[in-house]
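Asks: Could you work out the structure for the sequence below:
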Amino acid sequence: MTYSAPHSAIERTLNFAMQSAAVTAGNTADSIFADLGDGMAQSILDQAGKYAEGVLDPINRNGDIAPATLSDGKVTTSPGWIEAYRGWIDGGWSALSAPSDHGGMALPHVLNAACLEMWSSANMAFMLCPILSDGAILALSRHASGELQDAYLPKIVSGVWPATMNLTEPQAGSDLNALRAKAERNEDGTYRISGQKIFITYGEHDMSENIIHLVLARLPDAPAGTRGISLFLVPKFIPDADGNPGALNDIRCAGLEHKMGIHGSPTCTMIYGDNGGATGWLIGEENRGLACMFTMMNNARLAVGLQGVAAAERSTQQAAAFARERKQGRPPGWAHEDMAPIAAHADVQRMLMSMAAMTDASRAICYLTAAATDLSHRADDEDARRKAHERASLLTPVAKAFSTDMANEVTSLGVQVHGGMGFIEETGAAQHMRDVRIAAIYEGTNGIQAIDLVMRKLPLSGGEAMQRELADMRAIVDETRASNNTELGATAERLAETLDSLERAGAYLEKQIPGEPNDALAGATPFLRLFGLARGGTGLAKIALDCAAQTDSADGRREIAIARYFAENICAGARGLELSIVAGAASVQLASSVFAES
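Replies: Got it, this is the predicted structure:
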């Protein structure tokens, strides 16, 4: 099945996110996002959708069945990849939200988020390359010297030189304390980089004339642990005096991983320093590399959340189309002689509604996060910028983890709706499930996101950031209740109960963090899920209310149905999550005896 960009759902969620950001700053969306007026946003979304549908979608299957290959240190990408990347460059898509100082359009991140969703739905494996460049642009623009920015940012912003992120090593996955890659100072101010990096997405490929690697490494006199990590820019080809690719750096790709999914994305083992050390340039300050890299990682975490939305959207589209066409059995009350389409059966209806509701809720959270990021830079008032930054910080782990958890559930349901044919590769339903499975793992596992939410983000500003978010969600519940819209059923009541559970669970965790941190950690994952239910559910309710006020179309009724289903069926699990958080720690900690080594 081909992909169709869901313009209506995207535009409504985009408007919701921008309005929410503007209201928190005491402004209007027209003032904060003035550069998206006069049809600018619509035009860009239309063109992005055409690139997704017409260029990326047709080669998506190629990436799955004809993965990238490695021969003599050179990676050949899947059929159509090179041509698609030329289209990416020609379209200027890398420049969309990049700073204008180096050729970017400096448009809002929330617009870029909407485009990333469409592109990733069409071809997740391909889009991993441009996504990493987005993060590198941020890291360099905020931390690199002016000289380094001038030399590299125009090329990365244009897409001509895509970038990578090199963190992971065989002994250092999520724990960067164990990082061993070395950096040594040269007299000319450059550095010699040596070591091995694994799981490097697009570490080597044939789509561009140069590749820019951002590499974490340690200096000889660096402090132990993460306090002694520095970040370096290491190009595949060292630019010559004219800024063109010159000599090959001391870098090579030693292997490609054979993976469960995203086959079209070359996942490389990279070796630095076979011949004395790869030449690199310091980004920021020595021993402060982790702070620089987190600029890139936070951007990547939102992008991964959007990958979850993207996979869920595509899986939902395909499952719904199949359910309308596939005929099996006759449900109660079926008055026709022919068998009914499976979409007429209550259990399939439940699966389809669950898929659509989880997808839309995840989209709302991700777009809210992107809009908060925009506000943290665009608001006139310094206090508004601070609060927006805290909101983006609070929502980022939820956007990443909740959306990718939902994607794993949605794509699994997508296979289930297809029945036996879902297990057969020719339908393509399994590819969505295989591709998105990594999203809950990379850029910080979802367990790490939950820890970050509870231990670092929940206490932000003495808990004020969380209280502001709760107040925003309660205002939506009050608006839902006051609307007296009977089509929304018990939406307001179920959302209110979800918020009550979230507030009680949050208060419990805040008390446990100082004295019983393991109890707080035991409840971190269910708390993130509970937060996602509350934030996603209230987002859907607000979008539904806005639709009801503006239109009587079938699309408007769809939004109401989705919001109601999410509240009455999915949010119904909120109380159970609360109990798991406040009363489940002791049973979690039994694992030390159940799984202890003999």
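Asks: Strand partners (parallel or antiparallel) of the longest strand seen in the chain?
Replies: Ranked by residue count and defined by DSSP state E, the top strand of the chain is strand 191-201. In the sheet, strand 191-201 lines up against strand 182-185 (antiparallel), strand 267-272 (antiparallel), strand 278-283 (antiparallel) (DSSP bridges).
Asks: Can you tell me which of the ones you listed is most buried?
Replies: Across the strands paired with strand 191-201, averaging neighbours per residue (mean count of other C-beta atoms under 10 Å) puts strand 278-283 on top, at a mean of 24. Any C-beta I mention is one placed from the backbone N, CA and C, and that applies to glycine too.
Asks: Following the chain onward from that one, which element is next?
Replies: Per DSSP states H and E, the first helix or strand lying C-terminal to strand 278-283 is helix 289-325.
Asks: Name the residues of that following helix that are buried.
Replies: Residues 289-293, 295-320, 322-323 are the ones in helix 289-325 that count as buried (16 or more other C-beta atoms under 10 Å).
Asks: Show me what that helix is packed against.
Replies: Judged by 3 or more C-beta pairs under 8 Å, 6 or more residues apart in numbering; DSSP states H and E, the packing partners of helix 289-325 are helix 109-122, helix 124-143, strand 163-166, strand 212-217, strand 230-235, helix 346-378, helix 382-418, helix 429-436.
Asks: closest one to residue 510 among those?
Replies: Of all the helices and strands packed on helix 289-325, helix 382-418 sits nearest to residue 510, with 13.7 Å by C-beta to C-beta.
Asks: Can you work out which other helices and strands pack against the closest one?
Replies: Here helix 382-418 touches helix 7-24, helix 289-325, helix 346-378, helix 429-436, helix 446-452, helix 464-483, helix 524-550, going by 3+ C-beta pairs under 8 Å, 6+ apart.
Asks: what angle sits between that helix and helix 464-483?
Replies: Angle, helix 382-418 to helix 464-483, by axes from the mean of the first three to the mean of the last three C-alpha atoms, to 10 degrees: 60 degrees.
Asks: for helix 382-418, what is the average pLDDT?
Replies: Across helix 382-418, the average pLDDT comes to 97.
Asks: which non-adjacent residue is nearest residue 543?
Replies: Excluding the flanking residues, the one nearest residue 543 by C-beta to C-beta, 6 or more residues apart in numbering is residue 16, at 5.0 Å.
Asks: Quick one: residues contacting the one you found.
Replies: Residue 16 makes contact with 364, 367, 368, 539, 542, 543, 546, according to C-beta atoms under 8 Å, 6 or more residues apart in numbering.
Asks: which one of the residues you listed sits closest to residue 106?
Replies: Nearest to residue 106 out of those is residue 367 (C-beta to C-beta; 18.8 Å).
Asks: so how many other residues sit close to residue 26?
Replies: Applying other C-beta atoms under 10 Å, we find 10 residues neighbouring residue 26.
Asks: these two touch, right, it and residue 383?
Replies: No: taking contacts as C-beta atoms under 8 Å, residue 26 lies outside contact range of residue 383: 10.0 Å.
Asks: what's the closest non-adjacent residue to residue 240?
Replies: Distances taken as C-beta to C-beta, 6+ apart place residue 246 nearest to residue 240, at 3.6 Å, with adjacent residues excluded.
Asks: residues contacting residue 147?
Replies: Listed by C-beta under 8 Å, 6+ apart, residue 147 has no contact partners.
Asks: I'd like to know how far it sits from residue 136.
Replies: 17 Å (C-beta to C-beta, to the nearest Å).
Asks: Mind splitting this structure into its structural domains?
Replies: For the chain, automatic domain parsing gives the domain ranges 7-18+25-158, 163-286, 446-591.
Asks: same for whichever strand or helix holds residue 574, what does it pack against?
Replies: Assessed by DSSP H and E, residue 574 sits inside helix 574-583. Contacts defined by 3+ C-beta pairs under 8 Å, 6+ apart place helix 574-583 against helix 491-515, helix 524-550.
Asks: Using TSV, lay out the ones you listed together with distance to residue 277 and mean neighbour count.
Replies: Compiled in TSV, the helices and strands packed on helix 574-583 are given as follows (distance: least, C-beta to C-beta, whole Å; neighbours: other C-beta atoms under 10 Å):
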stretch	distance to residue 277	mean neighbour count
helix 491-515	43	19
helix 524-550	41	24
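Asks: for the protein, what are the low-confidence residue spans?
Replies: Within the chain, the ranges that satisfy pLDDT under 70 run 551-555, 597-598.
Asks: ok so residue 264 is a strand residue?
Replies: No: looking at residue 264 with DSSP: H, G, I helix; E, B strand; the rest coil, it is coil, so not inside a strand.
Asks: nearest spatial neighbour of it, skipping sequence neighbours?
Replies: Here the nearest residue to residue 264 in space, its sequence neighbours aside, is residue 63; by C-beta to C-beta, 6+ apart that works out to 2.2 Å.
Asks: closest one to residue 97 among the helices and strands packed on helix 382-418?
Replies: Residue 97 sits nearest to helix 346-378 of all these, at 8.9 Å, using C-beta to C-beta.
Asks: Could you pull up phi and psi at the residue lying farthest from the centre of the chain?
Replies: Note on the chain: the largest C-alpha distance from the chain mean falls to residue 337, namely 46.7 Å (C-alpha atoms, centre = their mean). Dihedral pair for residue 337: phi -70, psi -40, per degrees, to the nearest 10.
Asks: need the contact list for it.
Replies: Contacts of residue 337 (C-beta under 8 Å, 6+ apart): none.
Asks: Also residue 386?
Replies: Contact partners of residue 386, counting by C-beta under 8 Å, 6+ apart, are residue 376.
Asks: gap between it and residue 465?
Replies: As judged by C-beta to C-beta, residue 386 and residue 465 stand 10 Å apart.
Asks: Phi first, then psi, for the residue lying closest to residue 381 once chain neighbours are set aside.
Replies: Of all residues not flanking residue 381 in the chain, residue 25 sits nearest, at 6.7 Å (C-beta to C-beta, 6+ apart). Dihedral pair for residue 25: phi -100, psi 0, per degrees, to the nearest 10.
Asks: before we move on, back to that, okay, now the residue nearest to residue 240: neighbour count?
Replies: Count around residue 246 with other C-beta under 10 Å applied: 14.
Asks: Run through the bridge partners of the nearest residue to residue 184 once chain neighbours are set aside.
Replies: Leaving aside its sequence neighbours, residue 184 sits nearest to residue 192 (C-beta to C-beta, 6+ apart; 4.6 Å). Counting by DSSP bridges, residue 192 is bridged to residue 184, residue 279.
Asks: show me the contacts for residue 192.
Replies: Going by C-beta under 8 Å, 6+ apart, residue 192 touches 183, 184, 186, 273, 276, 277, 278, 279, 280.
Asks: give me the element residue 339 is part of.
Replies: If you go by DSSP H and E, residue 339 is not part of any helix or strand.
Asks: now it: how far from residue 31?
Replies: Relative to residue 31, residue 339 is positioned 56 Å away (C-beta to C-beta).
Asks: rewinding a little: minimum distance to residue 9: which of the strands paired with strand 191-201 has it?
Replies: Among those, the nearest to residue 9 by C-beta to C-beta is strand 267-272 (31.3 Å).
Asks: that older thread, give me the number of residues near the residue nearest to residue 381?
Replies: Taking other C-beta under 10 Å as the neighbour definition, residue 25 ends up with a count of 20.
Asks: still on that earlier bit, of the strands paired with strand 191-201, which is nearest residue 199?
Replies: Closest approach to residue 199 among the strands paired with strand 191-201 is made by strand 267-272 (5.8 Å; C-beta to C-beta).
Asks: so how far is the closest one off the chain centroid?
Replies: Centroid separation for strand 267-272 versus its chain: 24 Å, with C-alpha atoms, centre = their mean, to the nearest Å.
Asks: Can you tell me what sits against it?
Replies: By C-beta under 8 Å, 6+ apart, the list of residues contacting strand 267-272 from outside reads 75, 166, 181, 193-204, 213, 215, 234, 250-257, 259, 278.
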